[in-house]
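Q: Fold the following for me, if possible:
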Amino acid sequence: MRSILNSGAVVVAGVLGTAFLAVVPAAASPSCTTGTGMEICVTYDSSITSLPNASTVEASFNTVTQQFSNALTNQASIGIYVSSGMIAPSNPYVGAKSLSSGDVSGSYDVTDVMGSSAAASFTNTTAALAAAGDRNLPSIDPTGGKTYYMPQAEVKALALSPSSYSTSSPYDGYIGFSSSLTFYYGTTPVSGNYSFQAAAQHEIEEVLGRTSTLNNSAAAAQYLQQANPLDLFRYSAPGTSASFSENASAYLSTNGGTTPLGTVDSTSTGGDRSDWSTATGSTNDAQNTNLVTGTNQGLSVSDGMVLQGLGYKVSPNNGAGLFLAANNPTGAASSLTTVTTPEPASLSILAAGAAFAGLLRRRRRVVAA
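A: The predicted structure follows:
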């Protein structure tokens, strides 16, 4: 996600510490939040716990995980590892994952392959989402034959087999925050401060599955042959899936393209293709391509419906107030004021014998040059 720096800022909030230790993650007791169904357990790296304002940073992040625990009713326990100045330290599970200079925040999500062939992975992915309530999934693979990988957190939320998931990492996702930019840890950031909680909301949603492999066109060649469940919801018109290309115009929709949830970024260099575009105007959605200082950004009804499309169950009252229509992104239908709840389908959750393997995906938000 690309962020915009406002000039003339008065810095009043602490900056995440600049020093960190690249060590193997310790088996520290995680901080867990529970609510209507989902448990989120966070392990903080020493780059966080050694900060002079560590308790403030951790409390702010825990506030956001509690929001998600209250909003999502899937019976699952999600593990997240959080760092400062990097996405993940050197460790035997995923190696060291750096945070590029100027990035506000970034994340890696562990993913599982959904079938032994591309065709099987498409069938298994759509069957799993249909069983979770999706009614308007494409019958023809919109990616042209890519192999589908599902984020491990989403696999857990949908209660798919195998129950052991991937063994490549004890965590479902890794999140890192800048150690050089200035964050505000409350709800309304002052001028010149980035909303830490908005950045946390953005990255946690990505760990939960709000990711597209189109983000990785400049990464390893293996990513070019892969797709994520979110890629099923890209449309160019009602009933017409968007071209599976990083620079193709697209909007997200969970009802076959009839109702646009928002236009995704297709133009910014290095931007996430799962973020909302701000090319034609900006809203206060925390999933926008741009994170703006001094602005109280948060999640929208559109964001809640995207998570529903991915198989998450949202509690009443717009996810206990986490998803607000006032934050809806550019391109969202004006009728989107409530997160609607679909009825479950009577389909098999996942075809037997689907092979699973761990893989990491990188998502990031970067500061505009």
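Q: so T211, which of the three states?
A: For T211, the assignment made with DSSP: H, G, I helix; E, B strand; the rest coil gives coil.
Q: That one and Q287 touch, don't they?
A: No - under the contact definition of Cβ atoms under 8 Å, T211 does not touch Q287, with a separation of 11.4 Å. In short, each C-beta sits where N, CA and C put it, glycine included.
Q: Now list whatever residues contact both of those two.
A: S274 (Cβ atoms under 8 Å, 6 or more residues apart in numbering).
Q: where in this structure is pLDDT low?
A: Along the chain, the parts satisfying pLDDT under 70 run over 1-28, 92-93, 95, 162-168, 216-223, 270, 342-369.
Q: the helices in it, which residues?
A: With DSSP state H as the criterion, the chain has helices at 46-49, 54-71, 118-131, 152-157, 196-208, 301-309, 316-321.
Q: Next, format the ones you listed as a markdown table and append mean neighbour count and distance to S31.
A: As requested, the helices of the chain are exported to a markdown table (neighbours: other Cβ atoms under 10 Å; distance: least, Cβ to Cβ, whole Å):
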| stretch | mean neighbour count | distance to S31 |
| --- | --- | --- |
| helix 46-49 | 21 | 11 |
| helix 54-71 | 20 | 6 |
| helix 118-131 | 21 | 30 |
| helix 152-157 | 27 | 17 |
| helix 196-208 | 27 | 13 |
| helix 301-309 | 27 | 22 |
| helix 316-321 | 17 | 20 |
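Q: I'd like to know which of these is closest to S83.
A: For S83, the closest of the helices of the chain is helix 46-49, at 5.1 Å, according to Cβ to Cβ.
Q: Against which helices or strands is the longest strand anywhere in the chain packed?
A: As assigned by DSSP state E, the longest strand anywhere in the chain is strand 103-113. Packing contacts for strand 103-113, counted by 3 or more Cβ pairs under 8 Å, 6 or more residues apart in numbering; DSSP states H and E, involve strand 86-88, strand 147-151, helix 152-157, strand 173-177, helix 196-208, strand 358-366.
Q: now for these, which one comes closest to S117?
A: strand 147-151 (7.7 Å).
Q: what does that closest one contact?
A: For strand 147-151, contacts defined as Cβ under 8 Å, 6+ apart pick out 109-115, 117-118, 121-122, 124-125, 128, 160, 172-173, 207-209, 211, 213, 225-229, 359, 361.
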